[in-house]
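Visitor: predicted model follows, preceded by the sequence.
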Amino acid sequence: MRMVSQPATEDLYPTRSSETTRVFDRSSPIVFGTAEQGPLDAPGLQHYDQTGYLAINDLLTSEELETYREELASLARDPKVKTDERTVVEAKSDEVRSIFDIHRSNEVFRSIANDSRIVGRAEQLLGSAVYIHQSRINYKPGFVGNEFSWHSDFETWHAEDGMPEPRAVSISISLTDNYSFNGPLMIMPGSHTRYVSCAGGTPEDNYKKSLIMQGAGTPDPGTLTEFADEYGIDVLEGPAGGAVMFDSNCMHASNGNVTPYPRSNIFIVYNSVENTCTEPFAAPRPRPEFVGSMDFTPAGSSLVGEG
């Protein structure tokens with residue numbers, strides 16, 4: 001079901017319109033659902049509300065994990081995949097970094113993206129049906145996996161995709177063990193309660209560079225230092241088969257991987273169907289469909305990926 005974007009609504013989170021960075025309190029809720037709606041219990045919801053993230057242990061079975069790893073390796077070897085516009089390669093090594101739109105292009109990953117174990121949690125956190133705003137598989141191979149600078153995903157999705165409010169949640173499903181030393185996700189817990197309005201504008205076709213190395217939408221070092229001093233930094237280690245769900249406005253990053261141990265994951269973004277994207281708030285035109293979807297079909301529906 002292909003939807004047409006509507007005119008932009010009021011801009012509650014202005015960004016990239018000034019030469020200076022501004023920080024202000026988030027105006028929208030974080031958790032919309034209740035423990036009674038399940039599957040997350042009250043302590044889990046409270047932790048997410050306070051820190052902006054929660055860990056899920058043993059989300060995948062050993063059989064599922066093996067299936068996804070095999071598919072991951074197969075895609076990385078496919079020369080057609082490497083030349084597809086939805087694939088991002090490392091700037092220096094020419095290794096595959098990410099493959100976008102994976103929930104529509106690949107039947108194996110379509111299944112997990114619409115799995116009730118994940119969709120149910122996203123619906124509970126966001127208080128509504130959800131659709132998939134973005135999906136990808138990420139490779140961070142040993143020795144050559146690059147870092148990703150500190151940023152809030154929502155700032156980019158708001159500026160360049162037209163997402164009105166931070167009523168979205170991401171899940172990172174680990175296909176390899178996440179050690180403290182192989183470039184795991186780092187989050188500033190509690191940072192999701194503040195919004196950083198970044199300085200500068202949005203370059204033409206910014207997505208072509210930002211998918212490789214975050215540029216526009218990156219807070220200045222002074223602001224990041226203040227955030228780190230106030231909130232601290234959690235390094236999210238964990239075994240393969242687990243996952244982390246985190247709020248779209250969390251300040252997060254990952255270091256490069258100079259170890260022999262790869263760090264690969266499935267990454268899916270769920271947005272509330274009550275928060276669908278409009279026109280970009282700080283970019284001349286929307287990013288391509290494979291980066292920011294305008295298909296608002298609820299996740300889990302048999303119609304997902306059609307049309």
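Guide: Sure thing, it's come through. Numbering: from 1, shown residues only.

Visitor: and the gap between Tyr13 and Tyr270?
Guide: 19 Å (C-beta to C-beta, to the nearest Å). Where C-beta positions appear, they are placed from N, C-alpha and C, glycine not excepted.

Visitor: okay, these two: which has more neighbours?
Guide: Tyr270 (29 against 23; other C-beta atoms under 10 Å).

Visitor: may I have the beta-bridge partners of that one?
Guide: When bridges are assigned using DSSP bridges, the partners listed for Tyr270 are Ile132, Val169.

Visitor: wait, doesn't it sit right on Arg167?
Guide: No: here Tyr270 lies out of contact with Arg167, judged by C-beta atoms under 8 Å, at a distance of 9.8 Å.

Visitor: residues shared between the contacts of the two?
Guide: Common neighbours of Tyr270 and Arg167, using C-beta atoms under 8 Å, 6 or more residues apart in numbering, are Leu126.

Visitor: show me the contacts for Leu40.
Guide: Under the criterion of C-beta under 8 Å, 6+ apart, the neighbours of Leu40 are 33, 48, 54, 121, 124-125.

Visitor: pLDDT and distance to Glu279 added to the residues you listed, as a markdown table?
Guide: Output for the contacts of Leu40, formatted as a markdown table (pLDDT from 0 to 100; distance: C-beta to C-beta, whole Å):
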| residue | pLDDT | distance to Glu279 |
| --- | --- | --- |
| Gly33 | 96 | 29 |
| Tyr48 | 98 | 30 |
| Leu54 | 97 | 32 |
| Arg121 | 97 | 30 |
| Gln124 | 98 | 30 |
| Leu125 | 98 | 26 |
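
Visitor: contact partners for the residue nearest to Gly256 when sequence neighbours are not counted?
Guide: Beyond its immediate neighbours in the sequence, the residue positioned closest to Gly256 (C-beta to C-beta, 6 or more residues apart in numbering) is Glu147, lying 4.1 Å away. Residues in contact with Glu147, defined by C-beta under 8 Å, 6+ apart, are 183, 253-256.

Visitor: write the ChimeraX selection for whichever of those are buried.
Guide: Only the buried members of those end up in this ChimeraX selection, burial being decided by 16 or more other C-beta atoms under 10 Å:
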select :183,253,254,255
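
Visitor: Thr202: which of the contacts of Glu147 is nearest?
Guide: Distance from Thr202 was checked for each of the contacts of Glu147 by C-beta to C-beta. The minimum falls on Ala253, at 20.2 Å.

Visitor: ok so that closest one is a strand residue?
Guide: Yes: checked against DSSP: H, G, I helix; E, B strand; the rest coil, Ala253 lies within a strand.

Visitor: check it and give its pLDDT.
Guide: pLDDT for Ala253: 95.

Visitor: the closest residue to it other than its chain neighbours and Ala283, how far apart?
Guide: Nearest in space to Ala253, with sequence neighbours left out and distances taken as C-beta to C-beta, 6+ apart, is Trp150 at 4.3 Å. According to C-beta to C-beta, Trp150 stands 20 Å off from Ala283.
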